[in-house]
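*Asks:* pasting the sequence and the predicted model now:
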Amino acid sequence: MITWEQFIYFAVAAVLLWVVGAWGAWKGRAKMAYATTGTGLLVFFSFIVLMWISLERPPLRTMGETRLWYSFFLPLAGIIVYTRWKYKWILTFSTILALVFICVNLLKPEMHSKALMPALQSPWFAPHVIVYMFCYAVLGAATVMAIYLLFFKKKAVTAEELEITDNLVYVGLAFMTVGMLFGALWAKEAWGHYWNWDPKETWAAITWFAYLIYIHYRRLPNSNQRLALWCLIVAFVLLQMCWWGINYLPSAQATSVHTYNS
Amino acid sequence: MKEGFAIGIGLIALGVVLQLAVGPVAWSAFAWPVNGVVMLAFVAIIALIYALRKRVYAMLFLGTNYAAIPAMALAVVLTIVMGLTIQSAEGTWFNNMLSFWPFVLIYMLIALILGQVIIGRALHFKWKRDIPFMLNHLGLFLAMTTATLGNADVQRLRMITTEGLPEWRAVADNGMVKTMPMSIELKKFMMETYDDGSPKRFASAIKIVEKSGREMEATIDVNKPIVVDGWKIYQYGYDTSMGAESKISILELVSDPWLPLVYAGIFMMLGGAVCMFIFGKKRK
């Protein structure tokens, strides 16, 4: 049976493969980038599947478990962006970000029991959280892009770069909408109502509107590029509140059906 | 954009005045048929504003992104306040945002703007261009307005069923007792636990007798409600001091007549999200 003890072996192997993939992308060796990043994803995903089997439930309950999915989806989002727009630095960024989350999981391994409260035993559970994690990864990539364009790029921002950012946000928001509405449909089955303004739901609505603002603002003929990119960074900060920040909020401590850690 | 913020901040100021003058929004007063009338009136106002858009500049403005963005920004600000404060039905002002006039008015403004752009597109409808737009905007409009107005008609009652005793009565949150159109008798409460004692599964085998005399037996699990006569019946709780030996089971009975409309909106938005993923940003 696989346990968290073995995580480090899978993680090291996957990260090494991703690093080679990122290097390949820099050097313009696309085939190598695909092959190694893909194999790394496979290695990492096999750990998730083995954990799933040994826990006898989807590993999606604790923050540590969602970080696991996040570190998987970051390189996946990276390779999708790379396939579509051939950005040679994107795999480096996605690898570094995935590494950060893997390190957090290695340094702060949360004990993961088999217990899964009855309300979470639903066919909606896995799609709801997985779709959200993918959304967070894609919007993370959009945020990295915004930071790069705002603070690191010396030359003027090109229309193409903004288009990539826009497309990342469209994909991220599409997944966010699906994740949120799956949550609503699930809530109706589990808790009797589709929207209860639970603190997590409140912050999900805030995040959703924040990205809608970006999308609508970018459609203005005279929109300010820097303001739009700043909007993305603020939206991602709000997303952090929704994702884990509410665990530290007094207003959410006792009342949210989404806080399971304690 | 300045005009948009002016409208929104004006509405917030109006909301504060209303809050002081008439107190929080009395949602319970919106029970059927009032909510139906309000919904029709709201749609009529939207249509009227659209019709007057060429005469009154402010009404034309409401159909633009310059109105939508400030409205959403102010909604974000007010909802952040909601997310940072403790909410309760007994709370006042920030502690009961759902009945706080400025909050309600800002979301009404969003619905009003949605109404304007929806009519605008509907009158110049091009299938390929406008389907994703309609799914997203009309879906949100429908889900938002019907969920809000329909809320007054939602009934959530709890029934304590006892082994071997048919029960007709259920209790609302406010303590009101209601006689149901069916009786429920607990046949057996079932519970499984994990090694650490935490509940793995709890469910109730029940027998239902409707007023018409129709009988049925069913098992209700958490996450697996059943529907009888327009009521969704949920496994809610049990006698926690007895655990697996509990001789009672608490069921929740929910009736939400507006649900089909809300779901229509939700499924439109799901379709819209799929379109957003496939088509991404349209190039001009």
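*Replies:* Arrived safely. Numbers count the residues shown, from 1 in each chain, chains lettered A, B, ... in the order given.

*Asks:* now the helices for chain A?
*Replies:* For chain A, the helices defined by DSSP state H cover A:7-26, A:30-55, A:63-85, A:90-107, A:125-147, A:159-191, A:199-218, A:225-243, A:250-253.

*Asks:* okay, those in CSV with mean neighbour count next?
*Replies:* Where C-beta positions appear, they are placed from N, C-alpha and C, glycine not excepted. Conversion of the helices of chain A to CSV gives the following (neighbours: other C-beta atoms under 10 Å in any protein chain shown):
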stretch, mean neighbour count
helix A:7-26, 20
helix A:30-55, 17
helix A:63-85, 22
helix A:90-107, 20
helix A:125-147, 23
helix A:159-191, 21
helix A:199-218, 22
helix A:225-243, 19
helix A:250-253, 16
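
*Asks:* reformat these as JSON lines; add distance to chain B.
*Replies:* Supplementary listing: the helices of chain A in JSON lines, determined by distance: least, C-beta to the nearest C-beta, whole Å:
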{"stretch": "helix A:7-26", "distance to chain B": "22"}
{"stretch": "helix A:30-55", "distance to chain B": "12"}
{"stretch": "helix A:63-85", "distance to chain B": "10"}
{"stretch": "helix A:90-107", "distance to chain B": "17"}
{"stretch": "helix A:125-147", "distance to chain B": "9"}
{"stretch": "helix A:159-191", "distance to chain B": "4"}
{"stretch": "helix A:199-218", "distance to chain B": "4"}
{"stretch": "helix A:225-243", "distance to chain B": "7"}
{"stretch": "helix A:250-253", "distance to chain B": "5"}
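
*Asks:* and these: which comes nearest residue B:186?
*Replies:* Checking the helices of chain A against residue B:186 by C-beta to C-beta gives helix A:159-191 as the closest, at 20.9 Å.

*Asks:* could you give the mean pLDDT of the closest one?
*Replies:* Per-region confidence: helix A:159-191 scores 94 on mean pLDDT.

*Asks:* that one vs helix A:225-243, what angle?
*Replies:* 20 degrees (axes from the mean of the first three to the mean of the last three C-alpha atoms, to 10 degrees).

*Asks:* now do helix A:159-191: which elements does it pack against?
*Replies:* With contacts defined as 3 or more C-beta pairs under 8 Å, 6 or more residues apart in numbering or on different chains; DSSP states H and E, the secondary structure elements packing on helix A:159-191 are helix A:63-85, helix A:125-147, helix A:199-218, helix A:225-243, helix B:259-279.

*Asks:* how far out from the middle of the chain is that helix?
*Replies:* Relative to the chain's own centre, helix A:159-191 is displaced by 11 Å; criterion: C-alpha atoms, centre = their mean, to the nearest Å.

*Asks:* and stretch A:190-208, by the same measure?
*Replies:* Taking mean C-alpha positions (C-alpha atoms, centre = their mean), stretch A:190-208 and its chain are 19 Å apart.

*Asks:* give me the below-cutoff pLDDT ranges for the stretch 51-200 of chain A.
*Replies:* Scanning the stretch 51-200 of chain A for pLDDT under 70 picks out the ranges A:111-112.

*Asks:* quick revisit: can you list the helices and strands packed on helix A:159-191 in a markdown table and add distance to residue A:95?
*Replies:* What follows is these, written out as a markdown table (distance: least, C-beta to C-beta, whole Å):
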| stretch | distance to residue A:95 |
| --- | --- |
| helix A:63-85 | 6 |
| helix A:125-147 | 12 |
| helix A:199-218 | 25 |
| helix A:225-243 | 19 |
| helix B:259-279 | 25 |
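
*Asks:* so which of those helices is nearest residue B:105?
*Replies:* Taking C-beta to C-beta, helix A:199-218 is the member of the helices and strands packed on helix A:159-191 nearest to residue B:105, at 16.0 Å.

*Asks:* out of the helices and strands packed on helix A:159-191, nearest to residue B:23?
*Replies:* Taking C-beta to C-beta as the criterion, residue B:23 comes closest to helix A:199-218 out of the helices and strands packed on helix A:159-191, the separation being 23.0 Å.

*Asks:* by contact count, what packs against the closest one?
*Replies:* Using 3+ C-beta pairs under 8 Å, 6+ apart: helix A:199-218 touches helix A:159-191, helix A:225-243, helix A:250-253, helix B:65-84.

*Asks:* residue B:156: which of those is closest?
*Replies:* Counting by C-beta to C-beta, residue B:156 lies closest to helix A:159-191 out of the helices and strands packed on helix A:199-218; the figure is 10.2 Å.

*Asks:* show me what secondary structure element comes after the one helix or strand residue B:6 maps to.
*Replies:* Under the assignment given by DSSP states H and E, the secondary-structure element containing residue B:6 is helix B:2-22. Following the chain from helix B:2-22 toward its C-terminal end, the next helix or strand by DSSP H and E is helix B:34-51.

*Asks:* where does pLDDT dip in chain B?
*Replies:* B:282-284.

*Asks:* let's see 80
*Replies:* Counting by pLDDT under 80, the low-confidence segments of chain B come to B:280-284.

*Asks:* dump the residue contacts of the residue nearest the centre of chain B.
*Replies:* Here the mean C-alpha position of chain B is nearest to the C-alpha of residue B:147 (C-alpha atoms, centre = their mean), at a distance of 3.4 Å. By C-beta atoms under 8 Å, 6 or more residues apart in numbering or on different chains, residue B:147 lies in contact with A:194-195, B:258, B:262, B:265.

*Asks:* next one: residue B:125
*Replies:* For residue B:125, the residues meeting the contact criterion (C-beta under 8 Å, 6+ apart) are residue B:134.

*Asks:* element containing the closest residue in space to residue B:134 that isn't next to it in sequence, please.
*Replies:* Leaving out its chain neighbours, the residue that sits closest to residue B:134 by C-beta to C-beta, 6 or more residues apart in numbering or on different chains is residue B:121, at 6.5 Å. Secondary-structure assignment from DSSP H and E places residue B:121 in helix B:101-123.

*Asks:* just want the angle from that helix to helix B:34-51.
*Replies:* For the pair helix B:101-123 and helix B:34-51, the angle between their directions (the same axes, to 10 degrees) equals 60 degrees.

*Asks:* elements contacting helix B:101-123?
*Replies:* In this structure, helix B:101-123 makes packing contacts with helix B:2-22, helix B:34-51, helix B:65-84, helix B:127-150, judged by 3+ C-beta pairs under 8 Å, 6+ apart.

*Asks:* so how far is residue A:214 from the residue nearest to the centre of chain B?
*Replies:* Distance check for residue B:147 against residue A:214: by C-beta to C-beta, to the nearest Å, it reads 25 Å.

*Asks:* that older thread, and the residue nearest to the centre of chain B, how far from residue B:162?
*Replies:* Plainly put, residue B:147 is 35 Å away from residue B:162 if you go by C-beta to C-beta.

*Asks:* same question, residue B:8
*Replies:* 53 Å.

*Asks:* more neighbours, these two?
*Replies:* Using other C-beta atoms under 10 Å in any protein chain shown, the more surrounded residue of residue B:8 and residue B:162 is residue B:8, with 24 against 13.

*Asks:* can you tell me the closest non-neighbouring residue to residue B:277?
*Replies:* In space, and not counting its chain neighbours, residue B:277 is closest to residue A:174: 3.8 Å by C-beta to C-beta, 6+ apart.

*Asks:* I'd guessed residue B:68 sits against residue B:112; true?
*Replies:* No - assessed by C-beta atoms under 8 Å, residue B:68 is found out of contact with residue B:112, at 10.3 Å.

*Asks:* who has more neighbours out of the two?
*Replies:* The neighbour comparison of residue B:68 against residue B:112 (other C-beta under 10 Å) goes to residue B:68, with 23 against 19.

*Asks:* for stretch B:171-182, list the C-alpha coordinates in PDB.
*Replies:* Only the C-alpha atoms of stretch B:171-182 are listed here, as PDB (Å, rounded to 0.1, in the frame of the first residue of the first chain):
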ATOM      1  CA  VAL B 171     -41.000  22.000  12.100                       C
ATOM      2  CA  ALA B 172     -39.600  25.100  10.300                       C
ATOM      3  CA  ASP B 173     -36.600  27.100  11.400                       C
ATOM      4  CA  ASN B 174     -38.800  29.600  13.100                       C
ATOM      5  CA  GLY B 175     -40.500  26.900  15.200                       C
ATOM      6  CA  MET B 176     -43.700  26.800  13.200                       C
ATOM      7  CA  VAL B 177     -45.200  23.400  13.000                       C
ATOM      8  CA  LYS B 178     -46.600  22.300   9.600                       C
ATOM      9  CA  THR B 179     -48.700  19.200   8.800                       C
ATOM     10  CA  MET B 180     -47.300  17.500   5.700                       C
ATOM     11  CA  PRO B 181     -49.300  15.900   2.900                       C
ATOM     12  CA  MET B 182     -47.700  12.600   3.800                       C
END
